[in-house]
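> sequence and predicted structure, then a few things I'm wondering about:
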Amino acid sequence: MLNYIWISLVAIAIVAAVGNDIKDEVQNSYRNGIPMSATFVVSKSPAGTAQMWEGEVVMSGEAFDQFYGIQAQKSDVRQPVSVAVSSNLQGSLLLPVTDASPEYWRQMAKYATTKDRLTGKIQSIEFSPNGSSAQLRFVLESIKFVKMKAVTQAALDFASTAVEISIGLIGIMALWLGLMKIAEDAGFILILTKILAPLTRRIFPEIPPDHPAVGAMIMNIAANMLGLNNAATPLGLKAMEELNKLNPKAGTATNAMVTFLTINTGGLVLIPATAIAVRAAAGSSNPGIIISTSIVGATCATIAGVAASKLLQRLPRYRKDIES
């Protein structure tokens, strides 16, 4: 079921991205192919045979906003630029985009041919008599499929993050799974089963105290209480398998199954080890700060869930005739 949810979310993201990209193309949000006029203030003239000028593109914030049809640039634009001009006064330019660049250009640079810079073609340039400035008319490179590129990049980034987090979990999972195995081999689980027998008999009155399902359920609940979600999964499946052996009507969940699933869903926890490990792998400065809130929240959820389960079991509407 979860796979279908993820596939649906990915499909929705792709459809939304394509829709936004089509809208950008229709409106030409990035003014692809439309020339822009600005003043070019020369800071370094070419030396020798090189035809490369260094300087700044200068234009008012109002003119910038008017060109792109936005209202974002509050101050004048002063963008460093390198200009290469041929003999016919045409050529190319390079805008290295930095934090001081207009926000709109920074967004465009994320999806440009070369990251963190914008390139363009010069249509015309008219230098002043002293050569210290020029009137520049240029067209920036086309920016297309921004949203699809963003979705693709996000997928790659989060795939990489998932691998990093998974690798970070190996150590802590190996530790706790090893401790669980030692406890099982040492007979600790059997002792715990006997200690908790009065409680399990009250919660699961229809299950014999010495049935293998009891031990599997206790191991599963213990793993969940330690926050070992991955370790608890096979134990939970084993418990359900054993509970199903006592099921007189296959395909219909027994009261014990419902109660056990409720406890699992409530997520009763003492040490949220997996959540702490994920927070640590993600760079949290205090990954253990969630312990108290996790205990309180999970305890309340488990108590409410078990109480609802026991209450509904007594109502005729929710009873199933296991003999039919």
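Looks like it arrived, so ask away. Residues are numbered from 1 along each chain as shown.
> got a pLDDT number for residue 62?
On pLDDT, residue 62 comes in at 90.
> could you tell me how many residues sit around it?
12 (other CB atoms under 10 Å). Using the backbone N, CA and C atoms, a C-beta is placed for each residue, glycine as well.
> give the helix, strand or coil label for it.
Three-state assignment for residue 62 (DSSP: H, G, I helix; E, B strand; the rest coil): helix.
> ok, now how distant is it from residue 226?
In this view, residue 62 and residue 226 are 62 Å apart by CB to CB, to the nearest Å.
> how about residue 58: what's its closest non-neighbour residue?
In this structure, residue 58 finds its nearest non-sequential neighbour in residue 39, 4.5 Å apart by CB to CB, 6 or more residues apart in numbering.
> hmm, residue 59 and the one you found touching each other?
Yes - counting by CB atoms under 8 Å, residue 39 touches residue 59, with 6.7 Å between them.
> show me which of these two is the more surrounded one.
Taking other CB under 10 Å, residue 39 and residue 59 do not tie; residue 59 has more neighbours (19 against 16).
> got phi/psi on the more buried one?
phi -160, psi 160 (degrees, to the nearest 10).
> for the stretch 101-250 of the chain, give me the ranges with low pLDDT.
Within the stretch 101-250 of the chain, the ranges that satisfy pLDDT under 70 run 165, 168-169, 172-173, 175-177, 179-180, 189, 193, 227-231.
> tally of neighbours for residue 45?
So residue 45, with other CB under 10 Å, has 13 neighbours.
> same question, residue 203
Residue 203, neighbours per other CB under 10 Å, totals 17.
> with adjacent residues omitted, what lies nearest to it?
residue 259 (6.2 Å).
> which of the three states applies to that neighbour?
The three-state label given to residue 259 by three-state DSSP is helix.
> and if you look at residue 78?
strand.
> what do you get for residue 202?
helix.
> what residues sit buried inside the top strand by length along the chain?
Ranked by residue count, the top strand of the chain under DSSP state E comes out as strand 117-127. By 16 or more other CB atoms under 10 Å, the buried positions in strand 117-127 come out as 117-118, 120, 122, 125, 127.
> now do stretch 265-282
Applying 16+ other CB under 10 Å to stretch 265-282 flags 266-269, 271-281 as buried.
> now, among those, which is nearest to residue 293?
residue 272 (9.5 Å; CB to CB).
> distance check, the closest one against residue 215.
Taking CB to CB, one finds residue 272 at 24 Å from residue 215.
> which of the buried residues of strand 117-127 sits closest to residue 75?
residue 118 (19.1 Å).
> for the closest one, list each beta-bridge partner.
Judged by DSSP bridges, the bridge partners of residue 118 are residue 95.
> quick one: the helices in the stretch 201-324 of the chain?
212-225, 229-245, 255-266, 273-281, 291-314 (DSSP state H, counting those that start in this stretch).
> same check, this time on the stretch 51-200 of the chain
Using DSSP H, counting those that start in this stretch, helices in the stretch 51-200 of the chain cover 61-68, 103-109, 146-185, 188-195, 197-203.
> now do the contacts for the closest residue to residue 74 other than its chain neighbours.
Take residue 74 and drop its neighbours on the chain: the residue closest to it by CB to CB, 6+ apart is residue 61, 5.8 Å away. Neighbouring residues of residue 61 by CB atoms under 8 Å, 6 or more residues apart in numbering: 73-77.
> domains of this protein?
31-143, 166-318 (automatic domain parsing).
> so which of those comes closest to residue 6?
domain 166-318 (16.4 Å).
> tell me the gap between the closest one and the middle of its chain.
Its chain's C-alpha centre and that of domain 166-318 lie 27 Å apart, by CA atoms, centre = their mean, to the nearest Å.
> what's the answer for stretch 33-46, then?
Counting by CA atoms, centre = their mean, stretch 33-46 comes out at 41 Å from the chain centroid.
> mind listing what's buried in that stretch?
35-36, 38-40, 42.
> who touches that stretch?
By CB under 8 Å, 6+ apart, stretch 33-46 touches 28, 52-59, 67, 77, 81, 83, 123, 125, 131-140, 142.
> out of the residues you listed, which are buried?
Here, 16+ other CB under 10 Å leaves 53, 55-59, 67, 77, 81, 83, 125, 133-134, 136, 138-140 buried among the contacts of stretch 33-46.
> how about the residue nearest to residue 58, secondary structure?
Under three-state DSSP, residue 39 comes out as strand.
> quickly note the distance from it to residue 93.
Here residue 39 is placed at a distance of 13 Å from residue 93 (CB to CB).
> now do residue 30
17 Å.
> got it, and residue 112?
From residue 112 to residue 93 the distance is 13 Å (CB to CB).
> quick one: which of these two has more around it?
The residue with more neighbours, out of residue 112 and residue 93, is residue 93; 22 against 18, by other CB under 10 Å.
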